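> here is a sequence with its predicted model. Questions after.
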Amino acid sequence: MDKPVPKTDYPCIILFSVITVATLVGVPLFAWTYGFTKLDWIMFAILYMASGLGITVGYHRLISHRSFDCPNWVKACFLIAGGWALENSALRWCSDHIRHHARCDQEEDPYNALKGFWHSHCGWIFIKSPYRDEKYETKLRKDPLIMWQHRYYVPIMLSGLLLPFVVGLAHGGWIGGLSCFLLAGVCRTFLVLNSTFCINSICHMWGAQPHGTDDSSRDSWWIALLTFGEGYHNYHHAHLRDYRNGPKWYNFDPSKWLIFTLSKLGLASNLQRYQT
């Protein structure tokens, strides 16, 4: 049987090219010409944490691996925040991630690290995978909140870019709006995307494998610093449903701390934990 030929996703290439150029060229030029305000940096920090945790806690640990349960309104908040990261809807992101674990390091693995750093880091998002299988979406499609977010993903995603512009506009006029949009909208999106991509690439190429060598996953404490605790990837592959990626008390894992805090507030339950 002939190997399926993937199709190039040109709209995705254009979108991410614009974000990359705007971040690497537009942001430094604007900083040199006008500078960024304290409000811009505050909005940057808030939206970086919100969208990053929307992916790590919401898309990844809550939906992909069912590491804990929470009320629907909390799940909706994570779905909105995750949508702000510009990493596709939860239906698509989580089904790809479930397929990654099911077929890790094989041809069907969407971000197969054996194909090289750039493929696993970001190259895979520029192709329409011929291996997309409905079976990885079956359970996800039964969740009305996930399907709601999938239907309205585009306006949710755009709201994450519009919000800093509106805040900046109200504070400093059109220049203020553009300033906040560039830093807290475009630059923040670029950095969240690439921090997530590092898990797919670096954490499958370099690092320790103390929890097993059945696949290419690796632990990288410094990637954990960039990704709210997702760098302990070898542990995660060994114990998929554990709500912790960094199991030790001293492991930097803000995502597990947030989940644990939510549980103490009565906003999360059924936390999954590997018993050593």
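That came through fine. Numbers count the residues shown, from 1 in each chain.
> skip the chain neighbours and tell me the closest residue to Leu53.
Nearest residue to Leu53, sequence neighbours excluded (CB to CB, 6 or more residues apart in numbering): Phe228, at 5.8 Å. C-beta: built from backbone N, CA, C; applies to glycine.
> any low-confidence regions in the stretch 151-276 of the chain?
Residues of the stretch 151-276 of the chain meeting the criterion pLDDT under 70: 276.
> re earlier: can you confirm the residue nearest to Leu53 is in a strand?
No: going by DSSP: H, G, I helix; E, B strand; the rest coil, the assignment for Phe228 is coil, not a strand.
> what about it, how many neighbours?
24 (other CB atoms under 10 Å).
> from memory it sits against Asn251, does it?
No: with contact defined as CB atoms under 8 Å, Phe228 does not reach Asn251; the gap is 11.8 Å.
> if I look at the nearest residue to Trp124 once chain neighbours are set aside, how far off is Ile125?
Spatially, and ignoring its direct neighbours in sequence, Trp124 is nearest to Tyr111 (4.8 Å; CB to CB, 6+ apart). Distance, Tyr111 to Ile125, by CB to CB, to the nearest Å: 9 Å.
> any common contacting residues for these two?
Shared contacts of Tyr111 and Ile125, defined by CB atoms under 8 Å, 6 or more residues apart in numbering, are absent.
> can you pull the contacts of the spatially most central residue of the chain?
By CA atoms, centre = their mean, the chain has its centre lying nearest to Ile55, at 3.9 Å. Contact partners of Ile55, counting by CB under 8 Å, 6+ apart, are 82, 85, 87, 93, 192, 196.
> how about Arg132?
By CB under 8 Å, 6+ apart, the contact set of Arg132 is 95, 99.
> is it fair to say it lies in a strand?
No: according to three-state DSSP, the state of Arg132 is coil, so it is not within a strand.
> quick one, phi/psi of it?
The phi/psi pair for Arg132 (degrees, to the nearest 10) reads phi -60, psi 130.
> tell me, how many residues neighbour Thr196?
Thr196 is flanked by 23 other residues according to other CB under 10 Å.
> before we move on, the earlier item: separation between the residue nearest to Trp124 and Gly54?
19 Å.
> so these two - more neighbours on which side?
Ranked by neighbour count (other CB under 10 Å), Tyr111 and Gly54 place Gly54 first, with 26 against 22.
> what's the closest of the contacts of Ile55 to Thr261?
Proximity of the contacts of Ile55 to Thr261 (CB to CB) peaks at Gly82, which lies at 18.5 Å.
> who touches the helix or strand hosting the closest one?
Gly82 is part of helix 72-83 when elements are defined by DSSP states H and E. By CB under 8 Å, 6+ apart, the residues outside helix 72-83 that reach it are 50-51, 53-55, 57-59, 62-63, 70, 89-90, 93, 145-146, 148-149, 153, 156-157, 159-160, 262, 267-268.
> from those, which would you call buried?
By neighbour count, with 16 or more other CB atoms under 10 Å, these hold 50-51, 53-55, 57-59, 62-63, 70, 89-90, 93, 146, 149, 153, 156-157, 160, 262, 268 as buried.
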